[in-house]
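K.L.:
what's the 3D shape of this:
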Amino acid sequence: MSNKAEWQLHDPYVYGMLAKQIGTMIGVQTTRGALRGILKAVQPDHLVVEMGGTPFYVRSQQIIWVHPAKVHQAKAQQVKQKN
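P.N.:
Numbers count the residues shown, from 1 in each chain. Okay, here's the model as predicted:
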């Protein structure tokens, strides 16, 4: 019996697309509900979406869909200044 854990990237195209969106506002629908915030990090097994200064860690396998979120001009300016 091996103690070696096996790991796989389940959705490589989604991972690649999300990796290019870091720092932008996104909407994420999960099996538990929806999130809208700034995409802070993308890992093969999870992503981090910041809402109101709080990071939310979302398992990749729980994501149903993702879309770029529209933001008001003033909010977009605040996002750019923070990054």
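K.L.:
any low-confidence regions in the protein?
P.N.:
Counting by pLDDT under 70, the chain has low-confidence residues at 1-9, 71-83.
K.L.:
what sits opposite the residue lying closest to Leu35 once chain neighbours are set aside in the beta ladder?
P.N.:
Excluding the flanking residues, the one nearest Leu35 by CB to CB, 6 or more residues apart in numbering is Val28, at 4.7 Å. The C-beta positions use only the backbone N, C-alpha and C, and glycine is treated the same way. Beta-bridge partners recorded for Val28 (DSSP bridges): Leu35, Val66.
K.L.:
could you show me where the helices are in this protein, in order?
P.N.:
Here the chain has its helices, by DSSP state H, at 12-19, 73-82.
K.L.:
quick revisit: how about the contacts made by the residue nearest to Leu35?
P.N.:
Listed by CB atoms under 8 Å, 6 or more residues apart in numbering, the contact partners of Val28 are Ala34, Leu35, Arg36, Leu47, Val49, Val58, Ile63, Trp65, Val66.
K.L.:
Can you report how many residues neighbour the second one?
P.N.:
In other words, Leu35. Leu35 has 19 neighbouring residues, counting by other CB atoms under 10 Å.
K.L.:
oh, and call the first residue 33 from now on, that's how I've got it
P.N.:
Shifting the count to begin at 33 puts that one at Leu67.
K.L.:
Just to check, it is in contact with Val81?
P.N.:
Yes: using CB atoms under 8 Å, Leu67 is in contact with Val81, at 5.1 Å.
K.L.:
what's the overlap in contacts for these two?
P.N.:
Common neighbours of Leu67 and Val81, counting by CB under 8 Å, 6+ apart, are Val60, Phe88, Val90.
K.L.:
and the first one, how far is that from Ile95?
P.N.:
Pointing back at Val60 there. Counting by CB to CB, to the nearest Å, the gap from Val60 to Ile95 is 6 Å.
K.L.:
Find residues that contact each of the two.
P.N.:
In terms of CB under 8 Å, 6+ apart, Val60 and Ile95 are both contacted by the residues Leu79.
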